[in-house]
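Peer 1: Provide a 3D model corresponding to the input given below.
(3 chains)
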Amino acid sequence: MQTEFDGYQVQTEFFAGPLDLLLHLIRKNKLKIMEVRLSQITAEYLAYLENRRGINPSRESEFLMTAATLIYIKSRSLLPKPEIPSEESEEKQLMHTLIEYEKIQKISRMLQEMEYTELLLWRRLEMNENFSNREYALKEVSAFQLAEIFFDIIKKKESEQFLTISSKNYSIAEKKEEILSLLAGRGFIDFSEYLSRLDSIEEILVSFFTLLEMIKCHLLIAVQEQLFGTISLYPNQAGQLDN
Amino acid sequence: MSPEQLQRQVALVEAVLFVSKEPVEPGRIMEFLEIQDIAEFEKILEAMEKDYLLERPERGLQLKRSGGGLQLVTKPDLHDELKRFFTVKQSAKLTLASLETLSIIAYRQPATLAEISDMRGVNSTGPVKNLLQKKLIRITGRKKVPGLPALYATTQEFLVYFGLNDLSELPSLEELTELFEEKEQPSLFK
Amino acid sequence: MSPEQLQRQVALVEAVLFVSKEPVEPGRIMEFLEIQDIAEFEKILEAMEKDYLLERPERGLQLKRSGGGLQLVTKPDLHDELKRFFTVKQSAKLTLASLETLSIIAYRQPATLAEISDMRGVNSTGPVKNLLQKKLIRITGRKKVPGLPALYATTQEFLVYFGLNDLSELPSLEELTELFEEKEQPSLFK
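Peer 2: Numbering: from 1, shown residues only, chains lettered A, B, ... in the order given. Take a look at the predicted model:
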């Protein structure tokens, strides 16, 4: 059993080492993306995860990021791409994508640091709450914003007619039991997939509130798997919900 | 309490009062600063007051103790000038209320005040007047219903402000619906 | 400007910023103080900054220049304690998906959803909606290509949120590239 701080090691017939080194080599053109067996790497990684007790969301999401990048690059290398300028080779295009993607990552990191610095500074509380009192310089307002404001008014108007929801058929306690047993079986729940499989608006609402309640009570951790924008829910403590 | 500790406590009290939107009970701040002794707390407040009022004419703020608690307020001798600043007419600025009203008129024109107020759920006399003054809307006629209310429509200036050639260039609601309500496409990784 | 005048001006600026809910444009304050010379105004701001940051550790506030405006904020080293006092969270942080989307829009603006999704390699409807709701981006128009897709750009709130005065304060792509070359790291994600 490896310790908590060991990085995941990729083992294939042509490459052995940490995953980010693999990505580095591909980026440096030392390794052809076509030779990388992504399905094998992914399957092995999943097997590795299964053998571990508990989940470290930040490490796992990092793997997902890396794997997603590889899959994206590979899918682009396998699929015909209509609008690629002809003089640019497939490989150059891939490298370009990867470098562009790296830039986005760097910019994101920079913005994140800037965000962190800014969140240390507190404004007066009125600012956030009296938002509707702010004045808009007219030149800042586009026709689209005007449309958006109208759209909001209409939506508000419409929603007034749908405000009464009864929930006699589902209880939060029952939903909680159901979610716990799902977690015990699968280890995690994909938030949007789970909600989309439910039958009625009513059930979706009750389930949604149950999930929120469980997150609030620290029974669950919600992890946004960055690249995909979907949310996964994991049991909060390793081992707590083991089979 | 060392001078450094006292300074830190004063800074914390100032920051807490600055961020708070309402007066803060002294007891809450004492608890926060882990001070049991009221005399010790008084020393902090006095240091602040002395600083604000006596030693630092360049401060625009002062500490106010009222029934509800402690609060930062501006110094009274600045009031006249502050009033001047905050009533300055900002001709090119619109409030959200005005923008809402304008959006209803743009999409539903010609519209009456009653129709606008009904959609917004609040009386919209103020915003309509404001928009008339700014020449973004005008009265185009009267509705043939009891009371003959005025009908409002957008102006040429409105088109110029929003960079439109004519009203048909306003984004359609279908486009927006698509944008805001579109179901997410299945992702790669499912 | 006599020392007394300077003090009075500093007090007025502090009071104006204290009362204002949003960053205030320097131009508006200069007009208010009847100052034409920008160097003279700068002297007032510097006097404030020096006072807040260097000479007065007992101050909990500081002057912040961002989003094209001036604002009073608390000092960063008080953050942990303020968090303890105010149980409300200042504001939620952005997800990495939103940050990525925002990076692309900030550097490629105006950009369409298709361009963003293509660069990120995943459908980016979710993050774009999220950023629209947070008012960090807005629609500025439509691209003149089939389908007339909406074009997204960053807002004034974006600048304020990240403490920038204007977009030119973001490092250029060349600078970023240089930065990458210098600090060559073995991993994309470390």
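Peer 1: So, low pLDDT: which residues of chain A?
Peer 2: Counting by pLDDT under 70, chain A contains low-confidence ranges at A:1-98, A:126-145, A:157-170, A:196-202, A:224-231, A:237-243.
Peer 1: Does chain B have contacts with the longest helix anywhere in it?
Peer 2: Using DSSP state H, we find that the single longest helix of chain A is helix A:90-119. No: using CB under 8 Å from any CB of the partner chain, we find that helix A:90-119 stays clear of chain B, coming within 13.3 Å at best. All C-beta spots, glycine's among them, are computed from the backbone N, C-alpha and C.
Peer 1: Which elements pack onto that helix?
Peer 2: helix A:19-27, helix A:57-78, helix C:96-108, helix C:113-120, helix C:156-162, helix C:173-182 (3 or more CB pairs under 8 Å, 6 or more residues apart in numbering or on different chains; DSSP states H and E).
Peer 1: quick one: contacts of the shortest one?
Peer 2: If you take CB atoms under 8 Å, 6 or more residues apart in numbering or on different chains as the criterion, helix C:156-162 is touched by A:111, A:114-115, A:118, A:140, C:23, C:66-69, C:102, C:106, C:134-137, C:164-167.
Peer 1: between the longest helix of chain A and helix C:96-108, how big is the angle?
Peer 2: 100 degrees (axes from the mean of the first three to the mean of the last three CA atoms, to 10 degrees).
Peer 1: the inter-axis angle of helix A:90-119 versus helix C:113-120?
Peer 2: Interaxial angle of helix A:90-119 relative to helix C:113-120 (the same axes, to 10 degrees): 100 degrees.
Peer 1: Which neighbouring elements make contact with the lengthiest helix in chain B?
Peer 2: The single longest helix within chain B, with elements called by DSSP H, is helix B:3-19. The contact analysis (3+ CB pairs under 8 Å, 6+ apart) places helix B:3-19 against helix B:26-33, helix B:38-49, strand B:69-74, strand C:61-66, strand C:69-74, helix C:79-85.
Peer 1: hmm, try it at 6 Å
Peer 2: The helices and strands touching helix B:3-19, judged by 3 or more CB pairs under 6 Å, 6 or more residues apart in numbering or on different chains; DSSP states H and E, are helix B:38-49, strand B:69-74.
Peer 1: got JSON lines for those, with distance to residue B:142 too?
Peer 2: As requested, the helices and strands packed on helix B:3-19 are exported to JSON lines (distance: least, CB to CB, whole Å):
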{"stretch": "helix B:38-49", "distance to residue B:142": "61"}
{"stretch": "strand B:69-74", "distance to residue B:142": "48"}
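Peer 1: what about residue A:190, how many neighbours?
Peer 2: By other CB atoms under 10 Å in any protein chain shown, 18 other residues sit near residue A:190.
Peer 1: does the nearest residue to it once chain neighbours are set aside count as helix, strand or coil?
Peer 2: Distances taken as CB to CB, 6 or more residues apart in numbering or on different chains place residue A:232 nearest to residue A:190, at 5.7 Å, with adjacent residues excluded. Under the three-state scheme (DSSP: H, G, I helix; E, B strand; the rest coil), residue A:232 adopts strand.
Peer 1: Residue A:232 bridge partners, please.
Peer 2: Judged by DSSP bridges, the bridge partners of residue A:232 are residue A:190, residue A:223.
Peer 1: how near is it to residue C:93?
Peer 2: Here the criterion is CB to CB, to the nearest Å. By it, residue A:232 lies 18 Å from residue C:93.
Peer 1: Report the beta-bridge partners for residue B:71.
Peer 2: The partner residues for residue B:71, given DSSP bridges, come to residue B:64.
Peer 1: What count of nearby residues applies to it?
Peer 2: Count around residue B:71 with other CB under 10 Å applied: 16.
Peer 1: Wait, it touches residue B:25, no?
Peer 2: No: under the criterion of CB atoms under 6 Å, residue B:71 is not in contact with residue B:25, lying 10.8 Å apart.
Peer 1: Could you show which parts of chain B are in contact with chain A?
Peer 2: For chain B, the residues in contact with chain A (CB under 6 Å from any CB of the partner chain) are B:19, B:21, B:92-96, B:99-100, B:103, B:107, B:119, B:161-162, B:164, B:170-171, B:176, B:187, B:189.
Peer 1: buried subset of those?
Peer 2: By neighbour count, with 16 or more other CB atoms under 10 Å in any protein chain shown, the residues of chain B next to chain A hold B:19, B:93-95, B:99-100, B:103, B:107, B:119, B:161-162, B:164, B:170-171, B:176, B:187 as buried.
Peer 1: Return the residues of chain B in contact with chain C.
Peer 2: B:7, B:10-12, B:14-16, B:18, B:32, B:57-61, B:74, B:78, B:81-82, B:85, B:184-185.
Peer 1: my read: residue B:7 touches residue C:57, true?
Peer 2: Yes: applying CB under 6 Å as the test, residue B:7 and residue C:57 come out as touching, 4.6 Å apart.
Peer 1: Thanks a lot, see you next time.
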